[in-house]
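J.: I'd like to go over a predicted model; first the sequence, then the structure.
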Amino acid sequence: MVTSKAKGVARRTMEVCGLWDRVDLVVAGDEVERGKPDPEPVRRALAELGLGEEADEVVFVGDSPFDLRSGRAAGTRTAAVGWGPLDRAVLDAERPDYFLNALEEVLLIAPGTPTRAAVSSPRSRSRSARRGRGPSP
């Protein structure tokens with residue numbers, strides 16, 4: 001996980017959510033010289049995970065333009081999420097490779113999935129239909 005939060009705040013938040021022990025790596029804002037939207041924190045995460053040479057095969061998921069810019073600048077594919085604080089139009093302006101409406105949709109992105117492809121699970125399609133919207137473009 002790459003966050004702009006300080007390490008202590010990120011750890012406490014993740015502990016409260018029961019996630020701290022489930023994440024292999026956290027790169028926090030106070031651990032880098034230049035935070036997002038600079039690619040430094042994403043590149044650091046990639047290097048520490050041994051994926052520095054395979055950045056183009058990684059999908060960096062975020063809920064803000066800074067996340068998407070940081071991932072793209074680090075050479076990854078990017079996915080915007082629809083459950084964050086920002087309107088989809090704000091995220092679409094960053095041209096993410098994918099748009100996710102539900103967390104499990106990240107599992108639908110396989111190597112070779114075309115970028116700018118609609119990624120939606122049956123659950124998110126039915127949820128969109130209940131809200132009176134069609135599937136994501």
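T.: Yep, that arrived. Keep in mind that this is a model prediction, so the values were computed, not measured.
J.: Which strands or helices does the helix or strand hosting Phe99 pack on?
T.: Assigned by DSSP states H and E, Phe99 falls within strand 98-100. Applying 3 or more C-beta pairs under 8 Å, 6 or more residues apart in numbering; DSSP states H and E, one finds that strand 98-100 contacts strand 77-81, helix 88-92. From N, CA and C alone the C-beta is placed, and that goes for glycine too.
J.: Going along the chain, name the helices of this protein.
T.: 7-16, 40-48, 65-73, 88-92, 122-130 (DSSP state H).
J.: Among the ones you listed, which comes closest to Leu25?
T.: helix 40-48 (5.6 Å; C-beta to C-beta).
J.: Show the backbone phi and psi for Ser64.
T.: Phi and psi for Ser64, reported as degrees, to the nearest 10, are phi -140, psi 160.
J.: how about the nearest residue to it, chain neighbours excluded?
T.: Leu86 (6.4 Å; C-beta to C-beta, 6 or more residues apart in numbering).
J.: The one you found contacts Phe66, correct?
T.: No - counting by C-beta atoms under 8 Å, Leu86 does not reach Phe66; the two are 10.6 Å apart.
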